[in-house]
Each structure stands twice: as C-alpha cells, then as structure tokens.
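# model this:
(one chain, ligands or ions: 1)
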Amino acid sequence: MEVRLALTGFGNVGQGVAHLLVERPEVYRDRYGVDLVLTGVADRGGSAVNPSGLDLAALFEAKRSQGTVAAAPGGHAGLAGEAFLDLAAAQVLLEASSTNFENAEPGWSYVLAALGRNMDVVLASKGALVLHFQELMEQARVRDLRVLFSATIGAPLPVIELAERVLIGNDILGFEGIVNATSNQILEAMSNGATYEEGVKQAQELGIAETDPTLDVDGWDAAAKAAIIADAVLGAALRLEDVQRHGMRDVTREELEQARQQNQRVKLVARVMRRDGGFEATVGPERRDRSDSIGRLEGGQMSITYFTHPLGTVNTTIEGGAGGLQTALTMLRDVVNLARDRGWASPSPR
Ligand SMILES: NC(=O)c1ccc[n+]([C@@H]2O[C@H](COP(=O)([O-])OP(=O)(O)OC[C@H]3O[C@@H](n4cnc5c(N)ncnc54)[C@H](OP(=O)(O)O)[C@@H]3O)[C@@H](O)[C@H]2O)c1
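I've put the predicted structure just below:
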C-alpha cells in the first residue's frame with residue numbers, strides 16, 4: 001500500500017532518507033508491502049511538494065546547485081510550517097531538521113502541526129522528546145496517533161524494540177549504554193596515542209563527529225538520549241537537568257594509558273537505574289574491564305544493556321556508529337513498523 005511521507009530537514013539524515021527511496025524502493029515495496037512516496041520536503045530555504053510524489057533526482061540536483069529544495073519542481077521559496085504540511089498531504093511526518101534543547105524548534109512546531117492533521121510522526125531530532133516527552137505522547141494518544149523515535153537514541157541500536165518486544169514479562173530495573181559514538185571514538189583514538197584535537201579530527205573524518213562536537217564531548221547528547229530512553233522504557237519523566245552529566249573533555253591521555261595497561265578502557269557511559277522509588281541518571285567517563293560488555297567495545301561501537309528481572313542482563317551491540325545513512329534506515333524501520341501496526345503493509349512474502 002502507498003504510504004505518503006513529508007520530510008522536514010534535508011541534511012545528512014534527510015538526504016539519507018531520499019537516497020534510500022531512490023536506491024532501494026523495491027526493498028520496502030516487495031519485502032514489506034509498503035510503497036513509500038515522498039510528497040514534501042522542507043529545508044531552511046522553503047519546500048518542495050507534490051502529493052503524487054516528488055522527483056527525487058531533481059530534489060538532489062536543486063539542493064546541490066541552488067542550496068535549497070525550494071528550487072526543485074514543486075518548489076516554493078519560504079513555504080514552511082502548516083502550509084507545507086497541508087500541501088504535502090502526507091500520512092507520516094519524518095522530522096529530521098536541526099534541533100536544540102532550549103525550545104526544540106523547528107521540530108516541536110512541526111510535530112504539533114502534524115498531529116493536528118492526523119499524521120503519525122517519526123523523529124530523528126531529539127529536542128521535542130527531551131523537552132516535551134509526556135505532552136507529546138499524550139497529544140498522540142488522544143488522537144490515536146503514533147510518535148516513533150528509534151532514530152533519536154543511538155540509531156540503529158534496537159533500544160525500544162528490545163525493551164518492548166523482547167523483554168516482555170520482565171521488570172526493567174535500569175539500563176546502561178554507549179549511545180554517543182563521537183565521544184567514544186575520540187576516547188579510543190586518545191588511548192591509541194592521539195591528542196584530543198587529533199581524536200576529534202579523526203572522528204570528523206570518519207563522518208561521526210559534527211564540526212562543533214560540544215554536544216557530544218560534553219555529554220549533552222548522551223544525557224538527552226538517556227532521558228529519552230528512561231522516559232520511554234522506565235516511565236521516568238526525566239528532564240535533561242535530572243541527568244548528572246560529566247563529559248569526556250577532562251579525560252587525560254595518562255588516565256587512558258593507565259587504563260590500557262590494566263586491560264581496561266575508558267568509555268562515556270549513560271546509565272539510568274531505579275533507586276528508592278525514583279531514578280538515578282548519570283552520564284560520564286568510566287573505567288571498564290575489556291572483558292565486560294562495555295569495556296570490550298571499540299571505537300564508535302554502541303550498545304545498550306538492560307538490567308532486568310527475572311531474565312537478568314540483556315545486551316545488544318551495533319558495529320557502525322550512527323551516521324546519516326544509518327539514521328535514515330532507522331527512520332524507515334519505524335515507518336515500516338508503523339505501517340504494519342496500521343495495516344498499511346501487505347503481508348510480507350518472507
Ligand atoms: N547525523 C546523524 O547521524 C544523526 C543521528 C541521529 C539524530 N540526528 C538528528 O537528526 C537531525 C538532522 O541531522 P543531520 O545530521 O541531517 O543535520 P544537518 O545535516 O545539519 O541537516 C539539518 C537540516 O535541517 C534543516 N533545517 C534547519 N532549520 C530548519 C527549518 N526551520 N525548517 C526546515 N528545515 C530546517 C536544514 O536546512 P538547510 O539544509 O537549508 O540548512 C538541514 O537540511 C538533527 O536534529 C540531528 O540531531 C542526526
């Protein structure tokens with residue numbers, strides 16, 4: 001069945017989504033029975049819309065040559081917000097614009113407008129979840145809509161799926177994770193002798209770190225993810241300031257060398273545990289034995305570990321750190337699961 005998508009943001013992640021729709025549409029159509037059609041894309045310059053489906057090659061060309069999707073066929077300079085969503089006439093909003101933890105814009109307004117138009121929402125941007133998790137879920141619930149956000153919490157790690165679909169019947173007592181690839185990639189480089197600056201540069205060259213890695217190295221990104229996971233999985237209602245946060249900037253090469261000599265690694269660990277009827281949430285560098293589930297992780301590898309009863313400790317690890325393509329794949333994973341839940345997907349032939 002056709003599923004019409006509107007996309008906000010056409011950077012690494014947004015272009016990754018469009019790339020998958022160009023390169024692998026048959027995977028989604030033949031394997032999962034969903035014909036994914038992009039009917040609208042917005043960037044800071046405006047939007048391109050076509051309710052029958054945009055010309056994706058023209059979209060890439062307009063972005064490359066003119067800097068905005070508004071220069072593509074169906075393009076309107078300055079078209080944004082509710083007017084964009086009305087013209088795109090999509091069933092699902094894919095929100096992949098730049099975000100912040102002060103006002104969560106422009107994502108928060110887009111999400112509210114989409115829910116108000118009876119659209120389900122798939123998020124890559126974290127701001128709305130960090131600042132408005134409860135309200136967002138309530139707004140979706142009262143309209144019987146879905147807000148999915150696998151891409152925000154260490155995409156492509158199956159954080160929510162593990163908790164909701166695999167750990168059925170267990171009490172989740174807490175979790176710890178390596179959810180920020182950048183900081184851990186830098187720590188790895190430094191423990192191999194690089195300076196902090198060289199580590200940042202290496203992570204940028206690998207396409208993991210942004211030009212300004214502050215949110216990663218100071219632990220903001222990991223703290224935001226910890227709060228989102230805690231809200232979603234533990235019902236914690238944490239604010240960002242409830243997470244005790246230490247970044248990895250102060251970790252010295254000497255400490256890393258000492259750890260290495262003792263067969264340990266220093267990793268930036270995010271952890272939330274149920275404690276005394278509340279929650280203890282921390283992000284910070286920790287020394288871990290190379291034999292444990294976190295200490296054995298190299299470079300930009302990510303993992304999530306749940307502490308559960310009665311099953312015990314359950315852990316999953318992902319090799320490649322989150323990048324634009326991995327994040328785009330994860331958004332479309334949410335779209336397929338949404339389509340299945342909604343009965344939009346034909347039964348899978350295999
Ligand atoms: N990159 C990753 O691996 C990753 C992983 C997980 C989550 N995320 C999140 O996903 C989102 C996108 O990441 P990215 O790496 O694609 O960032 P990016 O390359 O910087 O792209 C951001 C996009 O947002 C657009 N944008 C900014 N303000 C807008 C507005 N008011 N209206 C419409 N579009 C607007 C930008 O438009 P212009 O092109 O005109 O500047 C750009 O296309 C971010 O919130 C990020 O935190 C990223």
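
# which pLDDT value goes with residue 346?
pLDDT, residue 346: 81.

# shaky segments in the stretch 201-350 of the chain?
320-321, 347-350 (pLDDT under 70).

# next, the contact list for the residue positioned nearest the centre of the chain, please.
Geometric centre of the chain, nearest residue: residue 152, 2.1 Å, by C-alpha atoms, centre = their mean. Residue 152 makes contact with 123, 124, 125, 126, 129, 225, 228, according to C-beta atoms under 8 Å, 6 or more residues apart in numbering. Placement of C-beta: from N, CA and C, glycine included.

# any chance of the residues you listed in TSV, with distance to the ligand too?
Putting these into TSV (distance: C-beta to the nearest ligand atom, whole Å) gives the following:
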residue	distance to the ligand
123	8
124	4
125	3
126	6
129	11
225	9
228	11
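
# so which of those residues sit within strands?
When DSSP state E is applied, the contacts of residue 152 are split such that residue 123 fall in strands.

# residue 188: which element?
Using DSSP states H and E, residue 188 falls within helix 181-191.

# now residue 327: how far from residue 277?
Distance of residue 327 to residue 277, computed by C-beta to C-beta, to the nearest Å: 36 Å.

# please say which of those two ends up with more neighbours.
Using other C-beta atoms under 10 Å as the criterion, residue 327 and residue 277 rank with residue 327 on top: 23 against 5.

# surely residue 82 is in a helix?
Yes: using DSSP: H, G, I helix; E, B strand; the rest coil, the secondary structure at residue 82 is a helix.

# that one touches residue 114, doesn't it?
No: the criterion here is C-beta atoms under 8 Å, and residue 82 misses it with residue 114 at 9.4 Å.

# once you drop chain neighbours, what's closest to residue 204?
residue 211 (7.2 Å; C-beta to C-beta, 6 or more residues apart in numbering).

# pLDDT wise, what is the residue of the chain found nearest the ligand at?
Going by C-beta to the nearest ligand atom, the ligand is nearest to residue 11 of the chain, at 1.9 Å. Residue 11 carries a pLDDT score of 95 in this model.

# neighbours of it, just the number please.
By other C-beta under 10 Å, the residues close to residue 11 number 15.

# can you pull the contacts of it?
43, 96, 98, 324.

# need those residues in TSV with neighbour count, can you?
Below are the contacts of residue 11 laid out as TSV (neighbours: other C-beta atoms under 10 Å):
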residue	neighbour count
43	21
96	29
98	12
324	18
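
# reformat those residues as JSON lines; add distance to the ligand and secondary structure.
Below are the contacts of residue 11 laid out as JSON lines (distance: C-beta to the nearest ligand atom, whole Å; DSSP: H, G, I helix; E, B strand; the rest coil):
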{"residue": "43", "distance to the ligand": "3", "secondary structure": "strand"}
{"residue": "96", "distance to the ligand": "4", "secondary structure": "coil"}
{"residue": "98", "distance to the ligand": "4", "secondary structure": "coil"}
{"residue": "324", "distance to the ligand": "5", "secondary structure": "helix"}
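
# which of these lies closest to residue 334?
Of all these, residue 334 sits closest to residue 96, with 11.9 Å by C-beta to C-beta.

# contacts only, for the closest residue in space to the closest one that isn't next to it in sequence.
Closest residue to residue 96 apart from its sequence neighbours, by C-beta to C-beta, 6+ apart: residue 9 at 3.7 Å. Taking C-beta under 8 Å, 6+ apart, we find residue 9 in contact with 42, 43, 95, 96, 97, 98, 124, 125.

# so the fourth one touches residue 18, yeah?
No: using C-beta under 8 Å, residue 96 and residue 18 do not qualify as a contacting pair, with a distance of 10.3 Å.

# which residues are common contacts for these two?
Here residue 96 and residue 18 share the contacting residues 7, 10, scored by C-beta under 8 Å, 6+ apart.

# so which bits of this structure are right by the ligand?
8-14, 42-45, 68, 80, 96-99, 106, 124-126, 151-152, 155, 322-324, 327 (C-beta under 6 Å from any ligand atom).

# buried members of these into ChimeraX, please.
The buried residues among these can be selected in ChimeraX (16 or more other C-beta atoms under 10 Å) with this line:
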select :8,9,10,12,13,14,42,43,44,45,68,80,96,97,99,106,124,125,126,151,152,155,322,323,324,327
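
# can you check the pLDDT for residue 157?
So, for residue 157, pLDDT stands at 95.

# residue 230 belongs to a helix?
Yes: counting by three-state DSSP, residue 230 is part of a helix.

# list the contacts of it.
175, 236, 238, 272, 279, 281.

# 6 Å instead?
Residue 230 makes contact with 236, 238, 272 under the criterion C-beta atoms under 6 Å, 6 or more residues apart in numbering.

# for those, which single residue is the most surrounded?
Neighbour max across the contacts of residue 230 (other C-beta under 10 Å) = residue 272, 25 neighbours.

# using PDB, write out every CA atom in the host helix or strand of it.
Assigned by DSSP H and E, residue 272 falls within strand 264-275. The C-alpha trace of strand 264-275 is given here as PDB (Å, rounded to 0.1, in the frame of the first residue of the first chain):
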ATOM      1  CA  GLN A 264      40.700  -1.600  30.700                       C
ATOM      2  CA  ARG A 265      39.000   1.100  28.500                       C
ATOM      3  CA  VAL A 266      37.600   4.400  29.500                       C
ATOM      4  CA  LYS A 267      34.100   4.800  28.000                       C
ATOM      5  CA  LEU A 268      31.400   7.500  28.200                       C
ATOM      6  CA  VAL A 269      28.600   5.600  29.800                       C
ATOM      7  CA  ALA A 270      25.000   6.700  30.100                       C
ATOM      8  CA  ARG A 271      23.100   4.900  32.900                       C
ATOM      9  CA  VAL A 272      19.600   5.200  34.500                       C
ATOM     10  CA  MET A 273      18.600   2.900  37.400                       C
ATOM     11  CA  ARG A 274      15.500   2.800  39.500                       C
ATOM     12  CA  ARG A 275      16.600   3.800  43.100                       C
END
